[in-house]
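Trainee: could you look at this predicted model? Sequence included:
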Amino acid sequence: MDTQARLDALLAHFETHSKTFAGYPVNQNFDYSALLPFLRYSANNVGDPFHGSNFQINSHEMEREVVGRFSDLMRIPREDAWGYVTSGGSEGNMYGLYMAREIFPDGVFYFSQDTHYSVLKILRILKARHIMVKSQKNGEVDYDDLYEMVRIHRDAPVIFMANVGTTMKGAIDDISKMRGILDDLAVTDSYIHADAALSGMILPFVDDPQLYGFDAGVDSVAVSGHKMIGSPVPCGIALTKRAYVNRISRSIEYVGVLDTTLSGSRSAFTPIMLWYAFQLHGLDGFKRMVQQSLEVAEYAVNRFNDSGIPAWRHKNSITVVFPKPSEEIIHKWQLASYENIAHVITMPHITREVVDAVVDDCLADSRQRAVQ
Ligand SMILES: Cc1ncc(COP(=O)(O)O)c(C=O)c1O
(Lines give C-alpha, C1' and ligand atoms only; values in the text may rest on other atoms or scores of the structure.)
Protein backbone atom coordinates (compact mmCIF):
# COMPACT_ATOMS: atom_id res chain seq x y z
CA MET A 1 0.00 0.00 0.00
CA ASP A 2 1.31 3.48 -0.76
CA THR A 3 1.47 6.23 1.84
CA GLN A 4 -1.84 7.87 0.94
CA ALA A 5 -3.66 4.56 0.92
CA ARG A 6 -2.31 3.77 4.41
CA LEU A 7 -3.44 7.15 5.70
CA ASP A 8 -6.87 6.75 4.08
CA ALA A 9 -7.26 3.33 5.63
CA LEU A 10 -6.39 4.61 9.11
CA LEU A 11 -8.74 7.56 8.71
CA ALA A 12 -11.56 5.22 7.69
CA HIS A 13 -10.77 3.07 10.73
CA PHE A 14 -11.02 6.13 13.02
CA GLU A 15 -14.28 7.17 11.38
CA THR A 16 -15.88 3.74 11.72
CA HIS A 17 -14.87 3.19 15.33
CA SER A 18 -15.79 6.67 16.53
CA LYS A 19 -19.42 5.79 15.73
CA THR A 20 -19.49 3.03 18.33
CA PHE A 21 -17.50 4.70 21.09
CA ALA A 22 -19.63 4.51 24.21
CA GLY A 23 -17.42 3.35 27.06
CA TYR A 24 -14.69 5.93 27.54
CA PRO A 25 -15.07 9.50 28.77
CA VAL A 26 -13.88 11.19 25.61
CA ASN A 27 -16.10 13.74 23.90
CA GLN A 28 -16.04 13.23 20.13
CA ASN A 29 -18.04 16.39 19.35
CA PHE A 30 -15.65 19.15 18.48
CA ASP A 31 -14.37 21.15 15.56
CA TYR A 32 -10.96 22.74 15.83
CA SER A 33 -10.46 23.17 12.09
CA ALA A 34 -10.04 26.94 12.60
CA LEU A 35 -6.80 26.11 14.40
CA LEU A 36 -5.22 24.06 11.60
CA PRO A 37 -2.82 26.87 10.52
CA PHE A 38 -1.09 26.57 13.89
CA LEU A 39 0.08 23.09 12.92
CA ARG A 40 2.50 24.67 10.47
CA TYR A 41 4.74 25.84 13.30
CA SER A 42 7.09 24.16 15.71
CA ALA A 43 5.64 25.91 18.72
CA ASN A 44 6.61 24.92 22.23
CA ASN A 45 5.31 25.94 25.66
CA VAL A 46 8.44 24.83 27.49
CA GLY A 47 8.64 26.22 31.03
CA ASP A 48 6.36 28.06 33.40
CA PRO A 49 3.50 29.75 31.53
CA PHE A 50 3.63 32.62 34.05
CA HIS A 51 7.31 33.29 33.38
CA GLY A 52 9.10 34.43 30.22
CA SER A 53 10.83 32.11 27.76
CA ASN A 54 13.51 32.51 25.12
CA PHE A 55 11.41 30.21 22.98
CA GLN A 56 8.97 32.77 21.71
CA ILE A 57 6.80 30.62 19.46
CA ASN A 58 4.56 29.70 22.32
CA SER A 59 0.96 30.12 23.50
CA HIS A 60 1.77 30.96 27.14
CA GLU A 61 -0.63 33.88 27.08
CA MET A 62 -3.57 31.66 26.16
CA GLU A 63 -2.35 29.01 28.57
CA ARG A 64 -2.48 31.57 31.41
CA GLU A 65 -6.06 32.40 30.41
CA VAL A 66 -6.98 28.71 30.43
CA VAL A 67 -5.44 28.38 33.91
CA GLY A 68 -7.49 31.42 34.93
CA ARG A 69 -10.69 29.81 33.60
CA PHE A 70 -10.02 26.63 35.53
CA SER A 71 -9.17 28.64 38.66
CA ASP A 72 -12.66 30.12 38.49
CA LEU A 73 -14.22 26.69 37.98
CA MET A 74 -12.18 25.12 40.76
CA ARG A 75 -13.01 27.99 43.10
CA ILE A 76 -9.66 29.58 43.82
CA PRO A 77 -8.94 33.29 43.27
CA ARG A 78 -6.88 33.64 40.09
CA GLU A 79 -4.11 35.50 41.92
CA ASP A 80 -3.71 32.62 44.38
CA ALA A 81 -3.65 29.88 41.74
CA TRP A 82 -0.91 28.39 39.63
CA GLY A 83 -1.22 25.75 36.95
CA TYR A 84 -0.39 24.65 33.46
CA VAL A 85 -1.80 22.63 30.60
CA THR A 86 -0.67 19.02 30.91
CA SER A 87 -0.63 16.04 28.57
CA GLY A 88 -3.70 14.66 30.41
CA GLY A 89 -5.24 13.77 33.75
CA SER A 90 -2.43 11.39 34.69
CA GLU A 91 0.20 14.13 34.45
CA GLY A 92 -2.05 16.36 36.56
CA ASN A 93 -2.20 13.62 39.19
CA MET A 94 1.55 13.26 39.06
CA TYR A 95 1.95 16.98 39.51
CA GLY A 96 -0.36 17.14 42.53
CA LEU A 97 1.17 14.12 44.22
CA TYR A 98 4.71 15.34 43.50
CA MET A 99 3.81 18.69 45.04
CA ALA A 100 2.43 16.94 48.12
CA ARG A 101 5.59 14.87 48.44
CA GLU A 102 7.79 17.98 48.16
CA ILE A 103 5.78 19.69 50.90
CA PHE A 104 5.63 16.62 53.14
CA PRO A 105 8.55 14.34 52.25
CA ASP A 106 7.64 11.99 55.11
CA GLY A 107 3.94 11.98 54.35
CA VAL A 108 1.85 8.86 53.84
CA PHE A 109 -0.40 8.81 50.77
CA TYR A 110 -3.89 7.31 51.11
CA PHE A 111 -5.96 6.32 48.11
CA SER A 112 -8.87 3.95 47.60
CA GLN A 113 -9.08 0.71 45.65
CA ASP A 114 -11.19 2.49 43.04
CA THR A 115 -8.57 5.16 42.37
CA HIS A 116 -7.27 5.50 38.80
CA TYR A 117 -4.35 3.23 38.00
CA SER A 118 -2.05 6.20 37.34
CA VAL A 119 -1.87 6.93 41.07
CA LEU A 120 -0.18 3.71 42.22
CA LYS A 121 2.35 4.06 39.41
CA ILE A 122 3.05 7.68 40.36
CA LEU A 123 3.55 6.80 44.02
CA ARG A 124 5.96 4.06 43.02
CA ILE A 125 7.91 6.51 40.86
CA LEU A 126 7.96 8.99 43.75
CA LYS A 127 8.98 6.17 46.08
CA ALA A 128 6.38 7.55 48.45
CA ARG A 129 4.91 5.65 51.39
CA HIS A 130 1.36 4.77 50.47
CA ILE A 131 -1.64 2.83 51.70
CA MET A 132 -4.46 1.54 49.55
CA VAL A 133 -7.69 1.94 51.49
CA LYS A 134 -10.82 -0.15 50.98
CA SER A 135 -13.60 1.12 48.74
CA GLN A 136 -17.30 0.84 49.41
CA LYS A 137 -19.40 -1.08 46.92
CA ASN A 138 -20.56 2.17 45.33
CA GLY A 139 -16.94 3.12 44.56
CA GLU A 140 -16.48 5.75 47.28
CA VAL A 141 -13.61 5.37 49.71
CA ASP A 142 -14.49 3.42 52.87
CA TYR A 143 -14.30 6.23 55.44
CA ASP A 144 -14.04 3.81 58.40
CA ASP A 145 -11.03 2.09 56.87
CA LEU A 146 -9.53 5.47 55.98
CA TYR A 147 -10.00 6.65 59.58
CA GLU A 148 -8.38 3.51 60.92
CA MET A 149 -5.39 3.72 58.57
CA VAL A 150 -4.75 7.37 59.43
CA ARG A 151 -5.17 6.64 63.15
CA ILE A 152 -2.52 3.94 63.01
CA HIS A 153 -0.08 6.23 61.14
CA ARG A 154 -0.85 9.36 63.07
CA ASP A 155 2.77 10.35 63.45
CA ALA A 156 3.14 11.03 59.70
CA PRO A 157 1.68 13.86 57.58
CA VAL A 158 -1.45 12.75 55.73
CA ILE A 159 -1.88 13.05 51.97
CA PHE A 160 -5.32 12.16 50.68
CA MET A 161 -6.00 11.34 47.06
CA ALA A 162 -9.66 12.31 46.71
CA ASN A 163 -11.54 10.84 43.77
CA VAL A 164 -13.84 13.40 42.24
CA GLY A 165 -15.43 10.84 39.96
CA THR A 166 -13.86 7.37 39.93
CA THR A 167 -12.99 5.81 36.61
CA MET A 168 -15.39 2.86 36.73
CA LYS A 169 -18.34 4.04 38.87
CA GLY A 170 -18.10 7.83 38.80
CA ALA A 171 -18.05 7.87 42.61
CA ILE A 172 -17.07 11.03 44.44
CA ASP A 173 -15.18 10.80 47.73
CA ASP A 174 -16.71 13.09 50.33
CA ILE A 175 -14.03 15.70 51.00
CA SER A 176 -15.85 16.98 54.10
CA LYS A 177 -15.69 13.48 55.60
CA MET A 178 -11.99 13.33 54.76
CA ARG A 179 -11.45 16.65 56.48
CA GLY A 180 -13.52 15.37 59.41
CA ILE A 181 -11.08 12.47 59.81
CA LEU A 182 -8.16 14.91 59.93
CA ASP A 183 -9.96 17.02 62.54
CA ASP A 184 -10.99 14.04 64.67
CA LEU A 185 -7.45 12.74 64.75
CA ALA A 186 -5.95 16.22 65.27
CA VAL A 187 -3.77 15.88 62.15
CA THR A 188 -2.05 19.19 61.49
CA ASP A 189 0.11 18.33 58.45
CA SER A 190 -2.13 17.33 55.57
CA TYR A 191 -2.65 17.75 51.85
CA ILE A 192 -5.56 16.79 49.60
CA HIS A 193 -5.17 16.19 45.89
CA ALA A 194 -8.41 15.90 43.91
CA ASP A 195 -8.48 13.75 40.79
CA ALA A 196 -11.32 15.40 38.91
CA ALA A 197 -10.41 14.03 35.47
CA LEU A 198 -13.97 13.93 34.14
CA SER A 199 -16.18 15.44 36.85
CA GLY A 200 -14.00 18.55 37.10
CA MET A 201 -15.84 19.74 33.99
CA ILE A 202 -19.27 18.54 35.25
CA LEU A 203 -19.62 19.64 38.87
CA PRO A 204 -18.99 23.37 38.23
CA PHE A 205 -22.03 23.37 35.94
CA VAL A 206 -24.66 21.59 38.05
CA ASP A 207 -27.04 23.13 40.59
CA ASP A 208 -26.13 20.94 43.55
CA PRO A 209 -22.54 19.71 43.18
CA GLN A 210 -20.68 17.52 45.61
CA LEU A 211 -17.57 19.15 47.10
CA TYR A 212 -14.68 19.26 44.65
CA GLY A 213 -12.70 22.51 44.69
CA PHE A 214 -10.23 24.62 46.61
CA ASP A 215 -13.12 26.09 48.64
CA ALA A 216 -13.62 22.54 49.99
CA GLY A 217 -10.01 22.43 51.15
CA VAL A 218 -8.17 20.71 48.32
CA ASP A 219 -4.57 21.70 47.64
CA SER A 220 -4.31 20.61 44.01
CA VAL A 221 -6.63 19.38 41.27
CA ALA A 222 -6.15 17.48 38.01
CA VAL A 223 -8.72 17.69 35.20
CA SER A 224 -8.53 16.13 31.74
CA GLY A 225 -9.09 18.39 28.74
CA HIS A 226 -9.89 15.74 26.15
CA LYS A 227 -12.66 14.25 28.29
CA MET A 228 -15.63 16.58 28.77
CA ILE A 229 -14.32 19.47 26.65
CA GLY A 230 -13.03 17.18 23.92
CA SER A 231 -9.90 17.49 21.80
CA PRO A 232 -8.08 15.48 19.15
CA VAL A 233 -4.92 15.51 21.27
CA PRO A 234 -4.98 14.39 24.92
CA CYS A 235 -4.52 17.25 27.37
CA GLY A 236 -5.50 18.42 30.82
CA ILE A 237 -4.83 20.90 33.52
CA ALA A 238 -2.82 20.78 36.74
CA LEU A 239 -3.88 23.40 39.23
CA THR A 240 -2.48 24.22 42.64
CA LYS A 241 -1.76 27.12 44.97
CA ARG A 242 0.77 29.66 43.77
CA ALA A 243 2.36 29.68 47.21
CA TYR A 244 3.35 26.02 46.82
CA VAL A 245 5.07 26.30 43.46
CA ASN A 246 8.20 28.03 44.72
CA ARG A 247 9.11 24.77 46.41
CA ILE A 248 9.83 23.11 43.12
CA SER A 249 10.82 25.93 40.77
CA ARG A 250 14.29 26.19 39.35
CA SER A 251 15.56 28.72 36.84
CA ILE A 252 16.97 27.20 33.63
CA GLU A 253 19.31 29.53 31.78
CA TYR A 254 19.49 27.42 28.58
CA VAL A 255 15.87 28.19 27.60
CA GLY A 256 15.38 31.19 29.88
CA VAL A 257 12.46 29.57 31.67
CA LEU A 258 11.39 28.68 35.16
CA ASP A 259 11.23 24.91 35.43
CA THR A 260 7.98 24.38 37.33
CA THR A 261 6.30 21.86 35.05
CA LEU A 262 6.81 18.11 34.90
CA SER A 263 7.68 17.87 31.22
CA GLY A 264 10.22 20.10 29.50
CA SER A 265 8.99 20.70 25.95
CA ARG A 266 5.22 20.97 26.09
CA SER A 267 2.49 21.32 23.52
CA ALA A 268 1.64 24.87 22.53
CA PHE A 269 -1.30 23.54 20.54
CA THR A 270 -3.36 22.03 23.38
CA PRO A 271 -3.56 25.33 25.33
CA ILE A 272 -4.81 27.01 22.14
CA MET A 273 -7.47 24.31 21.77
CA LEU A 274 -8.66 24.63 25.36
CA TRP A 275 -8.68 28.42 25.08
CA TYR A 276 -10.67 28.17 21.86
CA ALA A 277 -13.17 25.76 23.44
CA PHE A 278 -13.84 28.26 26.25
CA GLN A 279 -14.24 31.06 23.68
CA LEU A 280 -16.55 28.97 21.52
CA HIS A 281 -18.83 27.46 24.16
CA GLY A 282 -18.60 29.93 27.02
CA LEU A 283 -19.76 28.84 30.45
CA ASP A 284 -23.38 28.71 29.27
CA GLY A 285 -22.42 26.36 26.44
CA PHE A 286 -20.61 24.03 28.83
CA LYS A 287 -23.58 24.12 31.17
CA ARG A 288 -25.90 23.05 28.34
CA MET A 289 -23.46 20.34 27.29
CA VAL A 290 -23.29 18.96 30.84
CA GLN A 291 -27.06 19.17 31.28
CA GLN A 292 -27.63 17.27 28.07
CA SER A 293 -25.14 14.55 29.03
CA LEU A 294 -26.81 14.15 32.45
CA GLU A 295 -30.22 13.85 30.79
CA VAL A 296 -28.96 11.19 28.40
CA ALA A 297 -27.37 9.37 31.38
CA GLU A 298 -30.73 9.33 33.15
CA TYR A 299 -32.37 8.12 29.95
CA ALA A 300 -29.79 5.32 29.73
CA VAL A 301 -30.39 4.20 33.34
CA ASN A 302 -34.14 4.07 32.67
CA ARG A 303 -33.78 2.27 29.34
CA PHE A 304 -31.52 -0.39 30.87
CA ASN A 305 -33.80 -0.89 33.87
CA ASP A 306 -36.94 -0.96 31.73
CA SER A 307 -35.27 -3.72 29.73
CA GLY A 308 -34.59 -5.74 32.89
CA ILE A 309 -30.88 -4.91 33.01
CA PRO A 310 -30.03 -3.35 36.39
CA ALA A 311 -28.19 -0.06 35.81
CA TRP A 312 -27.37 2.88 38.04
CA ARG A 313 -25.36 6.05 38.29
CA HIS A 314 -24.27 8.44 41.01
CA LYS A 315 -25.81 11.87 41.43
CA ASN A 316 -24.28 14.33 38.92
CA SER A 317 -22.56 11.48 37.12
CA ILE A 318 -22.74 10.50 33.46
CA THR A 319 -21.17 7.10 34.14
CA VAL A 320 -23.92 4.49 33.78
CA VAL A 321 -22.94 1.20 35.42
CA PHE A 322 -24.50 -2.15 34.49
CA PRO A 323 -23.58 -5.87 34.53
CA LYS A 324 -20.75 -6.79 32.20
CA PRO A 325 -22.10 -8.05 28.85
CA SER A 326 -20.33 -10.49 26.51
CA GLU A 327 -16.92 -9.76 25.02
CA GLU A 328 -18.58 -9.23 21.66
CA ILE A 329 -20.67 -6.31 22.99
CA ILE A 330 -17.73 -4.88 24.91
CA HIS A 331 -15.66 -4.96 21.75
CA LYS A 332 -18.38 -3.53 19.51
CA TRP A 333 -19.18 -0.53 21.75
CA GLN A 334 -15.64 -0.16 23.13
CA LEU A 335 -17.00 -0.48 26.66
CA ALA A 336 -14.75 -0.31 29.70
CA SER A 337 -15.26 -3.27 32.00
CA TYR A 338 -13.92 -4.30 35.37
CA GLU A 339 -14.67 -7.57 37.18
CA ASN A 340 -18.44 -8.04 36.74
CA ILE A 341 -19.43 -4.52 35.67
CA ALA A 342 -19.21 -2.35 32.59
CA HIS A 343 -20.21 1.23 31.93
CA VAL A 344 -21.47 3.57 29.27
CA ILE A 345 -20.41 7.17 29.67
CA THR A 346 -22.88 9.54 28.06
CA MET A 347 -20.40 12.03 26.68
CA PRO A 348 -21.86 14.76 24.45
CA HIS A 349 -21.61 12.60 21.30
CA ILE A 350 -23.76 9.87 22.89
CA THR A 351 -27.34 10.46 21.81
CA ARG A 352 -30.49 8.71 22.95
CA GLU A 353 -30.35 6.73 19.68
CA VAL A 354 -26.88 5.43 20.55
CA VAL A 355 -28.13 4.50 24.03
CA ASP A 356 -31.06 2.63 22.45
CA ALA A 357 -28.68 0.69 20.22
CA VAL A 358 -26.39 -0.25 23.15
CA VAL A 359 -29.33 -1.32 25.34
CA ASP A 360 -30.88 -3.35 22.51
CA ASP A 361 -27.56 -5.13 21.93
CA CYS A 362 -27.13 -5.83 25.65
CA LEU A 363 -30.68 -7.14 25.88
CA ALA A 364 -30.26 -9.46 22.89
CA ASP A 365 -26.95 -10.57 24.39
CA SER A 366 -28.42 -11.36 27.82
CA ARG A 367 -31.33 -13.27 26.22
CA GLN A 368 -28.93 -15.29 24.13
CA ARG A 369 -26.80 -16.10 27.18
CA ALA A 370 -29.93 -17.12 29.11
CA VAL A 371 -30.82 -19.79 26.52
CA GLN A 372 -27.30 -21.18 26.32
C1 LIG B 1 -10.54 9.19 37.52
C2 LIG B 1 -9.49 9.30 36.46
N3 LIG B 1 -8.31 9.86 36.77
C4 LIG B 1 -7.33 9.99 35.86
C5 LIG B 1 -7.50 9.55 34.58
C6 LIG B 1 -6.37 9.67 33.62
O7 LIG B 1 -6.61 10.67 32.73
P8 LIG B 1 -5.82 10.76 31.33
O9 LIG B 1 -6.31 9.61 30.53
O10 LIG B 1 -6.26 12.10 30.85
O11 LIG B 1 -4.38 10.70 31.65
C12 LIG B 1 -8.71 8.97 34.20
C13 LIG B 1 -8.91 8.47 32.83
O14 LIG B 1 -9.87 7.87 32.49
C15 LIG B 1 -9.72 8.84 35.17
O16 LIG B 1 -10.89 8.25 34.88
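Mentor: The structure has been received and is ready for your questions. All values derive from a computational prediction rather than experimental measurement.
Trainee: can you give me the buried ones in the longest helix belonging to the chain?
Mentor: Ranked by residue count and defined by DSSP state H, the top helix of the chain is helix 269-306. Within helix 269-306, the residues that count as buried by 16 or more other Cβ atoms under 10 Å are 269-278, 286, 289-290, 293-294, 296-297, 299-301, 303-304. Every residue, glycine included, has its C-beta placed from N, CA and C.
Trainee: go on, stretch 145-164?
Mentor: So for stretch 145-164, counting by 16+ other Cβ under 10 Å, buried means 145-147, 149-150, 153, 157-164.
Trainee: how long is that stretch from one end to the other?
Mentor: One end of stretch 145-164 sits 19 Å from the other (Cα to Cα, to the nearest Å).
Trainee: same deal with stretch 302-320?
Mentor: Terminal-residue distance, stretch 302-320 (Cα to Cα): 10 Å.
Trainee: what pairs with the residue of the stretch 251-372 of the chain found nearest the ligand across the strands?
Mentor: In the stretch 251-372 of the chain, the residue that lies nearest the ligand is residue 336 (8.4 Å; Cβ to the nearest ligand atom). Note on residue 336: beta-bridge partners by DSSP bridges are residue 343.
Trainee: I figured it hits residue 342, correct?
Mentor: Yes - here residue 336 reaches residue 342: they are 6.7 Å apart, a contact under Cβ atoms under 8 Å.
Trainee: same drill for these two, tell me which one is more crowded.
Mentor: More neighbours surround residue 342 than the other of residue 336 and residue 342, with 23 against 17 (other Cβ atoms under 10 Å).
Trainee: pretty sure the more buried one contacts residue 330?
Mentor: Yes - contact criterion Cβ under 8 Å: residue 342 and residue 330 qualify, at 6.4 Å.
Trainee: mind listing the shared neighbours of these two?
Mentor: 23, 324 (Cβ atoms under 8 Å, 6 or more residues apart in numbering).
Trainee: sec struct for the nearest residue to residue 203 once chain neighbours are set aside, please.
Mentor: Closest residue to residue 203 apart from its sequence neighbours, by Cβ to Cβ, 6 or more residues apart in numbering: residue 209 at 3.9 Å. Following DSSP: H, G, I helix; E, B strand; the rest coil, the label given to residue 209 is coil.
Trainee: sorry, back to before: shared neighbours, residue 336 and residue 342?
Mentor: With Cβ under 8 Å, 6+ apart, residue 336 and residue 342 have common neighbours residue 23.
Trainee: quick one: low-confidence parts of the stretch 1-150 of the chain?
Mentor: The stretch 1-150 of the chain contains no residues with pLDDT under 70.
Trainee: now whichever residue of it sits closest to the ligand: phi and psi?
Mentor: At 2.6 Å from the ligand, residue 89 is the closest residue in the stretch 1-150 of the chain, using Cβ to the nearest ligand atom. Reported as degrees, to the nearest 10, the phi and psi values for residue 89 are phi -60, psi -40.
Trainee: so who does it touch?
Mentor: Neighbours of residue 89 in contact, by Cβ under 8 Å, 6+ apart: 116, 118, 195, 197, 222-224, 227, 236.
Trainee: switch the cut-off to 6 Å
Mentor: 197, 222, 224, 236 (Cβ atoms under 6 Å, 6 or more residues apart in numbering).
Trainee: mind listing the strands for the stretch 151-300 of the chain?
Mentor: Ranges of strands in the stretch 151-300 of the chain, per DSSP state E, counting those that start in this stretch, are 158-163, 190-195, 220-224, 236-241, 251-252, 257-258.
Trainee: most tightly packed of the ones you listed?
Mentor: strand 220-224 (a mean of 29; mean count of other Cβ atoms under 10 Å).
Trainee: distance of the closest residue to residue 65 other than its chain neighbours from residue 78?
Mentor: Computed as Cβ to Cβ, 6+ apart, the closest residue to residue 65 that is not its neighbour in sequence is residue 275, at 5.7 Å. Taking Cβ to Cβ, to the nearest Å as the measure, residue 275 falls 15 Å from residue 78.
Trainee: ok, now residue 262?
Mentor: Residue 262 is 22 Å from residue 78, where distance means Cβ to Cβ.
Trainee: equivalent analysis for residue 181, please.
Mentor: Counting by Cβ to Cβ, the separation of residue 181 from residue 78 is 31 Å.
Trainee: neighbour-wise, which of these two wins?
Mentor: Counted by other Cβ under 10 Å, residue 181 and residue 78 do not tie: residue 181 has more neighbours, with 21 against 15.
Trainee: find me the pLDDT at the more buried one, would you?
Mentor: The model reports residue 181 with a pLDDT of 98.
Trainee: so it makes contact with residue 147?
Mentor: Yes - judged on Cβ atoms under 6 Å, residue 181 makes contact with residue 147 at a distance of 5.0 Å.
Trainee: residues of the protein that sit close to the ligand?
Mentor: Taking Cβ under 6 Å from any ligand atom as the measure of proximity, the chain contacts the ligand at 25, 88-90, 93, 116, 118, 165-167, 195, 197-198, 224, 234, 236.
Trainee: between the strands of the stretch 151-300 of the chain, which gets the lowest average pLDDT?
Mentor: Across those, strand 251-252 has the smallest mean pLDDT, namely a mean of 66.
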